[in-house]
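Undergrad: predicted model, plus sequence, below.
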2 protein chains.
Amino acid sequence: MATNRSFVHGPDVDTVAGNGLLHRRLFLIAGTAVAASVASTALHDPAAAEALPVEPWMKLPGSGFVGYGQPSKYEEKVARTWNTAPGTTGAGAARTPHHLLNGMITPNGVHFERSHSGIPDINPDTHRLVIHGLVKRPLIFTLEALARYPMESRIAFIECGGNGQLLYQKEPAPVGVQAIHGLVSCAEWTGVKLSVLLQEAGVDPKATWILAEGADAAGMSRSVPLAKAMDDALIALYQNGERVRPSNGYPMRLLLPGYEGNMNVKWLRRIKLTEGPTMTKDETSKYTITLHDGKSLQFVLPQEGKSVITQPSPGLTMNGAGLYEISGLAWSGYGKITNVEVSADGGKSWAKAALQSPVLSKALTRFRIPWRWNGGPALLQSRATDETSYVQPTREKMIAARGNRAIYHSNAITTWGVSDKGEVKHVYA
Amino acid sequence: MATNRSFVHGPDVDTVAGNGLLHRRLFLIAGTAVAASVASTALHDPAAAEALPVEPWMKLPGSGFVGYGQPSKYEEKVARTWNTAPGTTGAGAARTPHHLLNGMITPNGVHFERSHSGIPDINPDTHRLVIHGLVKRPLIFTLEALARYPMESRIAFIECGGNGQLLYQKEPAPVGVQAIHGLVSCAEWTGVKLSVLLQEAGVDPKATWILAEGADAAGMSRSVPLAKAMDDALIALYQNGERVRPSNGYPMRLLLPGYEGNMNVKWLRRIKLTEGPTMTKDETSKYTITLHDGKSLQFVLPQEGKSVITQPSPGLTMNGAGLYEISGLAWSGYGKITNVEVSADGGKSWAKAALQSPVLSKALTRFRIPWRWNGGPALLQSRATDETSYVQPTREKMIAARGNRAIYHSNAITTWGVSDKGEVKHVYA
């Protein structure tokens, strides 16, 4: 095992896989000498250190307080980008700029958004949630009534079923992580367990599915197995501490941890208990996986294990040979991520990345590994394994299983090619 | 132990402490009957449930996409409130509205802010971090250089040393959780371990403290024991995924998990290794705890174990007898919270609250317990215990130890009085 190698003897013994990948624990257990030998991006200049200039912003009082703050004006590029269907302004998808973020929480301002007919302007005082259908007692909830119920918080990713679909294309799209994988985000969601509300309504034994319907103009609606509704489903009222954002379902959305994004119905107004799936437009004409032979897989519900390197990635130019951190995100709708491996030679050799704790079930997991770039070409890849022992497939394997007609549930390994000029591009390898 | 009581027999066996406190696991293990018997805020009306109106926002397309999103216009009250020193706009403190939030993450827009001379308008391209003093090699870091180092993320609270100081006053201030305890917030911070940079600089054996200095006009500076700097200190570059907000130190701040807020120096420009503490203005004339006899405690560094109920709390009127969730936040600068107890009768009896997982060291921990309010007067309190077995003191005990001249490190139990009209007020009990 490469990960058992010591790096206290010799110049390159901290290398654990091809093309410069270093041991993931390098900086936790290394002594001064090793750390100093690899970390060389600081300027060592005693005179300059003692003559640090007093910058203009130190010479006058700064700005005052505001009720609700915003990012620095220097961070305007940290924004979602979006596509819309022809003739619409609100039917489309806006993507999270993961190459400019770090950690596992996605700030609310750039959480991805997939909307089918724009963001409804919902008055929270008149909005209602109804639970009806195969129940003993149909119930109507105001937001105020829901706020009195016991709450639960969980940090969970939501991923659009169409995220990563560019990897089904025959040629590599000349874009980066935001365009390819920007339809996944992660937040702390807080709300009421759907099971508590269903228990109060009294579930008819004949019910085996629910229908969840949104209050947007598209009437987005999806069928969900009752077992999931009774397991870990939440009626989410809060997103990263504050009320759910309008683009994410204000004043409430369904949260189905790990399940395909659009099943986490936004602007939730109605849950109907049913004998079987309702076969809505959003689960028949869309959100099915069409295979080689023209047949389609329907109700592929959890998002499969997946990962992607966010730094370096296209748009972030490497500035000279030396030490870099390779960092990225891994997730699985089936539970916890147990392992992420990184390759710098297009999959010939792999090294184990460090996983940032806490590693949470059905949440984004940040992985990191130090890399000593030699200034030459490199092919960077990451490969996730989840707690069911599922291993993220190569693109070849995914295409072999599903063909090129599919667009949903793309979870193949993504490759970033690094040139000897430090440019990073999306490639197939 | 009240917490061992079963609640499957009889009408009130789910009561675990005086004045209506219910078992924390009620909704996790209760069957339909129990859940339905306590949860009565929903409207049961079959005809209305089937005739749910089509609201105006379902009849036309919603709004389109934006790069950086904002909260709903209906949530304008979710904002910081602030005080400033006379004649200034930027010397003061802005407080987090915890009564309107839920979960453990504080959204960046309302993270608390304590500034001594406003928010400097720092250009990240020209900002530098210097490490000098008792080191072998003084180093200068650009933001770009730091971005190549290995990163670490941790969810941590920061609490101003002056938070809760109103509890030292002789009469209860007629305000709520935002005014009393709004100078604590919690975020996922990501950055470079300070120990890695200090190892590269090479620490002189004579160094036992560091001086950390900010680039604001106040030149905020604090001394920190070297042991803390080498332990879990971070140079934080990201806050909840995106770059640290200007009000929280853009482009970088020191994060000293668990330590007094202003030691987490914002707009960090300089770290100097020293033989002893520098005795800056910010650790001599301020941020010391003056006792009965006029002597002061200096360098009281970690924030002690503490908790406060956020819902219900002043400003949130109770709407009729019945089931409510009591929810709040607990934290300790010494590690993990191990227990939070809640009283509804002013401390005569206590019940164990549920702690929301993951419970993280030196992070806010959300606690919750169901409460069946009988419509009569109640005195709500919470009491935290941390992993060092430290128990949050009563106000009487804190005053006895420190007198009324102190203003810092107030961590006493807070009491909310509920009237028979459902009004909630800050009281001493």
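TA: Yes, it's here.

Undergrad: CA atoms for contacts and neighbours, from now on please.
TA: Will do.

Undergrad: element containing the residue in the stretch 301-429 of chain A positioned nearest to chain B?
TA: Nearest residue of the stretch 301-429 of chain A to chain B, counting by CA to the nearest CA: A:Y324, 4.8 Å away. For A:Y324, the host element (DSSP states H and E) is strand A:322-331.

Undergrad: now do the helix or strand hosting A:W416: everything it contacts.
TA: Using DSSP H and E, the secondary-structure element containing A:W416 is strand A:415-418. Here strand A:415-418 makes contact (CA atoms under 8 Å, 6 or more residues apart in numbering or on different chains) with A:313-314, A:346, A:376-381, A:423-429.

Undergrad: after the worst-scoring helix or strand of chain A on mean pLDDT comes which helix or strand?
TA: Taking mean pLDDT, DSSP states H and E as the measure, chain A has helix A:32-38 as its least confident helix or strand, at a mean of 48. Heading C-terminal from helix A:32-38, the first helix or strand you meet, by DSSP H and E, is strand A:43-44.

Undergrad: who does that following strand touch, helix- and strand-wise?
TA: Secondary-structure packing of strand A:43-44 (3 or more CA pairs under 8 Å, 6 or more residues apart in numbering or on different chains; DSSP states H and E): strand B:139-141.

Undergrad: spell out whether the strand it packs on and chain A are in contact.
TA: Yes. Strand B:139-141 reaches chain A (CA under 8 Å from any CA of the partner chain) through B:139-141.

Undergrad: list the buried residues of that strand.
TA: Buried positions in strand B:139-141, judged by neighbour count with 16 or more other CA atoms under 10 Å in any protein chain shown: B:139-141.

Undergrad: which neighbours does it have in its sheet, and in what orientation?
TA: Sheet pairing here is set by DSSP bridges, and for strand B:139-141 it gives strand A:43-44 (antiparallel), strand B:129-133 (antiparallel).

Undergrad: from B:A145, how far off is the residue nearest to A:Y390 when sequence neighbours are not counted?
TA: Residue nearest to A:Y390 in three dimensions, not counting chain neighbours: A:G305, with 6.8 Å by CA to CA, 6 or more residues apart in numbering or on different chains. Using CA to CA, to the nearest Å, A:G305 is found at 33 Å from B:A145.

Undergrad: so between those two, which is more surrounded?
TA: Ranked by neighbour count (other CA atoms under 10 Å in any protein chain shown), A:G305 and B:A145 place A:G305 first, with 28 against 16.

Undergrad: got phi/psi on A:M263?
TA: Backbone torsions of A:M263, given as degrees, to the nearest 10, read phi -70, psi -20.

Undergrad: again but with A:L26, I slipped
TA: phi -50, psi -50.

Undergrad: what residues are up against A:H409?
TA: For A:H409, the contact set (CA under 8 Å, 6+ apart) comprises A:161-165, A:289, A:303-304.

Undergrad: how about a markdown table for these, with secondary structure and pLDDT added?
TA: Converted to a markdown table, those look like this (DSSP: H, G, I helix; E, B strand; the rest coil; pLDDT from 0 to 100):
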| residue | secondary structure | pLDDT |
| --- | --- | --- |
| A:G161 | coil | 96 |
| A:G162 | coil | 96 |
| A:N163 | coil | 98 |
| A:G164 | coil | 97 |
| A:Q165 | helix | 96 |
| A:I289 | strand | 90 |
| A:Q303 | coil | 98 |
| A:E304 | coil | 97 |
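
Undergrad: okay if I get those residues as JSON lines plus neighbour count and distance to A:G62?
TA: Below are these laid out as JSON lines (neighbours: other CA atoms under 10 Å in any protein chain shown; distance: CA to CA, whole Å):
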{"residue": "A:G161", "neighbour count": "25", "distance to A:G62": "45"}
{"residue": "A:G162", "neighbour count": "22", "distance to A:G62": "45"}
{"residue": "A:N163", "neighbour count": "23", "distance to A:G62": "42"}
{"residue": "A:G164", "neighbour count": "24", "distance to A:G62": "43"}
{"residue": "A:Q165", "neighbour count": "18", "distance to A:G62": "46"}
{"residue": "A:I289", "neighbour count": "21", "distance to A:G62": "55"}
{"residue": "A:Q303", "neighbour count": "24", "distance to A:G62": "47"}
{"residue": "A:E304", "neighbour count": "22", "distance to A:G62": "48"}
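
Undergrad: from the residues you listed, pick the one nearest A:N262.
TA: Minimum distance to A:N262 across these is 7.3 Å, recorded for A:G161 (CA to CA).

Undergrad: what about the residue nearest to A:R24 when sequence neighbours are not counted, which helix or strand?
TA: Closest residue to A:R24 apart from its sequence neighbours, by CA to CA, 6+ apart: A:I369 at 4.9 Å. Using DSSP H and E, A:I369 maps to strand A:365-373.

Undergrad: circling back to that earlier point, list the contacts of the helix or strand that the strand holding A:W416 is followed by.
TA: Remark: after strand A:415-418, the chain's next helix or strand is strand A:424-427, criterion DSSP H and E. Outside strand A:424-427, the residues that touch it by CA under 8 Å, 6+ apart are A:172-176, A:312-318, A:414-418.

Undergrad: 6 Å instead?
TA: For strand A:424-427, the surrounding residues in contact (CA atoms under 6 Å, 6 or more residues apart in numbering or on different chains) are A:172, A:174, A:313-314, A:415-418.

Undergrad: same check, this time on stretch A:18-25
TA: Outside stretch A:18-25, the residues that touch it by CA under 6 Å, 6+ apart are A:14-16, A:344, A:349, A:353-354, A:369-373.
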